[in-house]
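K.L.:
Please work out how this folds:
(chains A and B)
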Amino acid sequence: MSAESFPPESPDLRPAERFARNVEHPAALETRIWVDSAAFRDAVGEIREAGARFITIFVAETPELALTAVFAWRGEIVLLQVAASADGTIAYQEIGNWWPAVAWPEREMIERDLRVDSGRGAPEHPLTKPDPDLVQRALSGLDTFTIPYGPVRSGVFEAIQFQIETGGEDVAQLQTRPFFKHRGIEARFGGMPPELGIHVAERVAGIASCAYATAFSQAVERALGVEPPRRAQRWRVVHCELERMACHLDVIAKEAETTALSVGQARFQILKERVQRLLARLTGSRFGRGAILPGGVRDEGGLTPDQLREELEDIERDLQRDRRLFLATSSMTDRLIGAGRLPRATVEEYCAVGPLARGSGISTDARHARPYGDYQRLGLQVIVQNGGDAMARINVRFGELLESLRLLRRALEWLRRSTGKESGGLRSPLPRRESGTACGWAEAPQGELLFWVELRDGLVHRAHVASPSLRNWALFDRAFPKDVLTDFAFIEHSFGLTPAGADR
Amino acid sequence: MLEWIYRGLSKRTVTTRYPHRPEPAPAGFHGRVDVAVDAVADSKIAQLCPTGAIAVNRDGRASLDRGRCILCGECVRAEPHVFKFRAGYETAERSAAALVVGSKADDTPHEEPRKALGQRAAMLRRSVHVRHIDCGSDGSEEWEIQALWNPYYDIQRLGFYLTDAPRHADVLLVTGPVTPPMHAPLQRTWQVMPEPKALIAVGTDACGGGLHGWGGVDQILPVDVYVPGSPPAPIAIMDGLLTAVGLLNRGGTA
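P.N.:
Coordinates of the predicted model:
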């Protein structure tokens, strides 16, 4: 589809809608466009031209078997769906070969589901069955060599493999290999009531348990038409922002560790541990597990809003001083400035999200673009930096730490003044034995996260997770334009991703 | 740089004295689930558990396999007179059988006394090298292992060092239920470690599979110490490391 043909005549029409056989609006901010498999490629092209951001592609029963591609377009979620043919298969033309953002999710879908045929045939080296001993050289020559790094990493890191090709110092070529950790966790949801499914959701990516729990709960709530009480929504903000702080502090501590800035590392580790201990006192878990559940939150928690606010004031005072010192330490910032520069156009091509995209000048944040829960009322200042390098990504995180503290102050002030009774308790009951399908999203510390959940007779029939880590990791191969081997760790930490979320 | 040094020195010491002094967990912390031996449980509770960690025998006596328990608390809320959250950190066990609690009366503390663990640290001559391998964790176990080297836990004071090379390692920490692509790397890492060596399964996923049906690390390699928890707290992992050191001092794996 060429650019001139868009926008179409009627301004009310969404991109790709003119290909539609059928358009549905199952929940707020969610549109489903059903197209024929022959028109799928053109429809995706039109959606891309219209500036939509790709989120995920998967196969599910909705309730008939269908291929679904999910996009974010102008503050709403657009699902492009293709129904299976009569013999139960879906044949369509590959899109990942001309839209890099789609490549990994599409390959994962095709390799895992034999009912889908994109016309390319089986790959020689499946993405989803990584071989730690495989060496795939792109460069040749006497003076180049290849470093397979991972899946057993140095230090305590999650399993992922990088194949680095170098002529000695420059990173000439890099290949990221995920899926060493694929646990098949999406399949674990099948047949569980949502109240139990939440425990699985919390364990998709353990360091972002609260965000995953929020996204899963919101998908269930939207599918069943339930609105959690306002007080519960506000407690969720508290859990999620504390978690975001811990994740961002972890990234900054790791950057300090990589420069051997020991005191700086210790200071940020102390701050992170203090946030985790706050979560432990509040929820009983250092990762906030068990606090959020479909319909609301479990309880008021072990800390009063006043206690929390006091502790956070202390943390903020220390954070401000450590931040100033960090940014004034030239041995630290020299390693970050200019490292792993990602131009805005590249990031857009890969549809990256989170602090990574915001560090390259793209203002994308699910809390702001499609505000969910209490973020609709709290208001959020999206932190954007234009540098595109590791320094910009760290600056985004510093800004977001302070923004999280501001949100927490506001949320806690409200929680302190109101009582559970006047705001409708902490939990809305879920209707029993109902069916429904919906998307739920949240801004995890790593970026936008989307859950697609189908409920049948009150049980989760199928869940699909679009994790920010998988989408952002595809961009890692492109993050070494002028960088050398010793920049590797700085750039990796500045991405701040988790393989557990990517591999699922 | 000098400013950082002043900044570091101006703050009080936050490091725990564990194991020489007790380290109490915060009230309400979900450290482990205990089972009341004399209480009778509804047999339906076994179906409620999302990981199948609970069994109820014909007399209504419940038992719980901590190697599968992900601390979700469903049983605690359904049968509060039988199952209770305990804030304790000491969950490390020497065998998979010891992870099953409640079937028999276990009023004797099954964890070794803290003092004995502290003495072990002295016997190490302050040099135990630890290697970690992730075999499919959810990522939180890595955070808790990394935390051992932060100023709060500072496990280096007990003589534990992280090493990058498995050939230099005395202890291997394994997280995750061992996904198929990680079989070979796990085997290889363990094979090149010199004797005496010890293997610690960290987290419920590694101990017994947790949410996943693979059954844990001991399906592939002999596990010396199990540290259940989803994820286990840093003190729990420290406890597991000190337990494993006892094995190293005897000059071989169990």
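K.L.:
residues contacting A:Ala246?
P.N.:
A:207, A:272, A:275-276, A:279, A:445 (CB atoms under 8 Å, 6 or more residues apart in numbering or on different chains). Any C-beta I mention is one placed from the backbone N, CA and C, and that applies to glycine too.
K.L.:
Nearest residue to it in space, ignoring adjacent ones along the chain?
P.N.:
A:Val275 (4.6 Å; CB to CB, 6 or more residues apart in numbering or on different chains).
K.L.:
what about the helices in chain B?
P.N.:
Using DSSP state H, the helices assigned to chain B run over residues B:2-9, B:45-48, B:74-78, B:114-123, B:140-147, B:183-192, B:204-208, B:234-249.
K.L.:
Which one, of those, ends up nearest to chain A?
P.N.:
Closest to chain A of these, according to CB to the nearest CB: helix B:140-147, at 2.9 Å.
K.L.:
List the contacts of the closest one.
P.N.:
Contacts for helix B:140-147 (CB under 8 Å, 6+ apart): A:156-158, A:206-207, A:209, A:250, A:269, A:273, A:276, A:286-287, B:132, B:134, B:153, B:173, B:175-176, B:202-203, B:205-206, B:230-234, B:237.
K.L.:
looking at the helices of chain B, which one has the lowest mean pLDDT?
P.N.:
Out of the helices of chain B, helix B:114-123 stands lowest, with a mean of 57 (criterion: mean pLDDT).
K.L.:
where are the low-confidence patches of the chain?
P.N.:
Because you didn't say which chain, this covers chain A. A:1-13, A:420-424 (pLDDT under 70).
K.L.:
actually it's chain B I care about, not the one you picked
P.N.:
Counting by pLDDT under 70, chain B has low-confidence residues at B:103-126, B:247-254.
K.L.:
CA atoms only for stretch A:323-336 - export them in PDB, please.
P.N.:
The C-alpha trace of stretch A:323-336 is given here as PDB (Å, rounded to 0.1, in the frame of the first residue of the first chain):
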ATOM      1  CA  ARG A 323      22.100  11.400  41.500                       C
ATOM      2  CA  ARG A 324      23.900  14.700  41.600                       C
ATOM      3  CA  LEU A 325      27.200  13.000  42.400                       C
ATOM      4  CA  PHE A 326      26.700  10.300  39.700                       C
ATOM      5  CA  LEU A 327      26.000  12.900  37.000                       C
ATOM      6  CA  ALA A 328      29.100  14.900  38.100                       C
ATOM      7  CA  THR A 329      31.500  12.000  38.000                       C
ATOM      8  CA  SER A 330      33.100  12.300  34.700                       C
ATOM      9  CA  SER A 331      34.700   8.800  34.800                       C
ATOM     10  CA  MET A 332      31.100   7.500  34.900                       C
ATOM     11  CA  THR A 333      29.400   9.800  32.400                       C
ATOM     12  CA  ASP A 334      32.300   9.600  29.900                       C
ATOM     13  CA  ARG A 335      31.500   5.900  29.400                       C
ATOM     14  CA  LEU A 336      27.800   6.500  28.800                       C
END
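K.L.:
So it, near chain B or not?
P.N.:
Yes - using CB under 8 Å from any CB of the partner chain, stretch A:323-336 reaches chain B at A:325, A:328-329, A:331.
K.L.:
Just the buried ones from those residues, in ChimeraX syntax?
P.N.:
The buried residues among the residues of stretch A:323-336 next to chain B can be selected in ChimeraX (16 or more other CB atoms under 10 Å in any protein chain shown) with this line:
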select /A:325,329
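K.L.:
now the residues of stretch A:323-336 next to chain B in CSV, with distance to A:Val135 and secondary structure?
P.N.:
Output for the residues of stretch A:323-336 next to chain B, formatted as CSV (distance: CB to CB, whole Å; DSSP: H, G, I helix; E, B strand; the rest coil):
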residue, distance to A:Val135, secondary structure
A:Leu325, 43, helix
A:Ala328, 43, helix
A:Thr329, 39, coil
A:Ser331, 36, helix
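K.L.:
Farthest-apart pair in the residues of stretch A:323-336 next to chain B, please.
P.N.:
A:Leu325 and A:Ser331 (12.0 Å; CB to CB).
K.L.:
Near A:Ala345, how many other residues are there?
P.N.:
9 (other CB atoms under 10 Å in any protein chain shown).
K.L.:
and it, helix, strand or coil?
P.N.:
At A:Ala345 the chain is in helix, as set by DSSP: H, G, I helix; E, B strand; the rest coil.
K.L.:
again with A:Glu255
P.N.:
Quick answer, by three-state DSSP: A:Glu255 is helix.
K.L.:
Pretty sure it sits against A:Glu492.
P.N.:
No - in this structure, A:Glu255 is not within contact of A:Glu492 by CB atoms under 8 Å, at 10.1 Å.
K.L.:
circling back to that earlier point, what is the three-state secondary structure of the residue nearest to A:Ala246?
P.N.:
helix.
K.L.:
Distance of it relative to A:Gly284?
P.N.:
Distance, A:Val275 to A:Gly284, by CB to CB, to the nearest Å: 15 Å.
K.L.:
that older thread, and the helices of chain B, which is most packed in?
P.N.:
Mean neighbours per residue, mean count of other CB atoms under 10 Å in any protein chain shown, is largest over the helices of chain B for helix B:204-208, with a mean of 32.
K.L.:
Give me the residue at the spatial middle of chain B.
P.N.:
B:Val227 (1.8 Å; CA atoms, centre = their mean).
K.L.:
What angle do helix B:2-9 and the strand or helix carrying A:Asp314 make with each other?
P.N.:
Using DSSP states H and E, A:Asp314 falls within helix A:305-328. Angle, helix A:305-328 to helix B:2-9, by axes from the mean of the first three to the mean of the last three CA atoms, to 10 degrees: 150 degrees.
K.L.:
Could you list every helix and strand that helix A:305-328 packs against?
P.N.:
helix A:230-258, helix A:262-283, helix A:390-417, helix B:2-9 (3 or more CB pairs under 8 Å, 6 or more residues apart in numbering or on different chains; DSSP states H and E).
K.L.:
and it, how far from the chain's centre?
P.N.:
The chain centre lies 26 Å from the centre of helix A:305-328; the measure is CA atoms, centre = their mean, to the nearest Å.
K.L.:
And stretch A:282-302, by the same measure?
P.N.:
21 Å.
K.L.:
Just want the residue of the stretch 401-504 of chain A that's nearest chain B.
P.N.:
A:Ala500 (3.9 Å).
K.L.:
do the same with chain A
P.N.:
A:Gly206 (2.9 Å).
K.L.:
nearest residue to that residue other than its sequence neighbours?
P.N.:
B:Ser140 (2.9 Å).
K.L.:
For A:Arg504, see how far away that neighbour is.
P.N.:
In terms of CB to CB, B:Ser140 sits 15 Å off from A:Arg504.
K.L.:
Would you map the helices across the stretch 351-500 of chain A?
P.N.:
Under the criterion DSSP state H, counting those that start in this stretch, the stretch 351-500 of chain A carries helices at the ranges A:354-358, A:366-369, A:375-378, A:390-417, A:468-473, A:488-495, A:499-503.
K.L.:
Spell out which parts of the stretch 51-200 of chain B neighbour chain A.
P.N.:
B:70-74, B:85, B:132-147, B:150-152, B:162, B:164, B:166, B:173, B:176-177, B:179-182, B:184-185, B:189.
K.L.:
what about the longest strand in chain B?
P.N.:
strand B:128-134 (DSSP state E).
K.L.:
residues in contact with it?
P.N.:
Against strand B:128-134 from outside (CB under 8 Å, 6+ apart): A:151-153, A:155-159, A:181, B:141-142, B:145, B:159-166, B:168-176, B:182, B:185-186, B:189, B:193, B:241, B:245, B:248.
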